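Peer 1: Okay, predicted coordinates and the sequence, questions at the end:
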Amino acid sequence: MAKRSKRMRAADQLVDPSRVYKLEEAIEILQKCPPVKFDQSFNISLKIGVDPKKSDQQVRG
């Protein structure tokens, strides 16, 4: 198994993996993480409950 960097170990201490965070809390935690040497990005998954068979509920993007 590969070694984990000091930066990654510091970030791991900020997050509890068994907990689901609200959006505001998650953004605060991301801002507290140590900076990196590249452009950071993160992905969000949302369950919006849209029925794609109904034409009035389509989502574009």
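Peer 2: Yep, that arrived. Numbering: from 1, shown residues only.
Peer 1: Against which helices or strands is the lowest-mean-pLDDT helix or strand in the chain packed?
Peer 2: Using mean pLDDT, DSSP states H and E, the weakest-scoring helix or strand in the chain turns out to be helix 6-14, at a mean of 87. Helices and strands touching helix 6-14, by 3 or more C-beta pairs under 8 Å, 6 or more residues apart in numbering; DSSP states H and E: there are none. Yep, even glycine has a C-beta here, placed from its N, CA and C like the rest.
Peer 1: What lies in contact with that helix?
Peer 2: Helix 6-14 is contacted from outside by 4, 29, 32, 33, 34, 36, using C-beta atoms under 8 Å, 6 or more residues apart in numbering.
Peer 1: could you dump the residues you listed to a markdown table with distance to residue 59 and secondary structure?
Peer 2: What follows is those, written out as a markdown table (distance: C-beta to C-beta, whole Å; DSSP: H, G, I helix; E, B strand; the rest coil):
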| residue | distance to residue 59 | secondary structure |
| --- | --- | --- |
| 4 | 38 | coil |
| 29 | 28 | helix |
| 32 | 32 | helix |
| 33 | 31 | coil |
| 34 | 36 | coil |
| 36 | 32 | coil |
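Peer 1: Extract the C-alpha trace of the least confident helix or strand of the chain and format it as CSV.
Peer 2: What follows is helix 6-14, C-alpha atoms only, in CSV (Å, rounded to 0.1, in the frame of the first residue of the first chain):
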residue,chain,number,x,y,z
LYS,A,6,1.3,14.7,5.5
ARG,A,7,-1.3,16.8,3.6
MET,A,8,-3.6,13.9,3.1
ARG,A,9,-3.3,12.7,6.7
ALA,A,10,-4.2,16.2,7.9
ALA,A,11,-7.2,16.3,5.6
ASP,A,12,-8.4,12.9,6.9
GLN,A,13,-8.5,14.2,10.5
LEU,A,14,-11.0,16.9,9.4
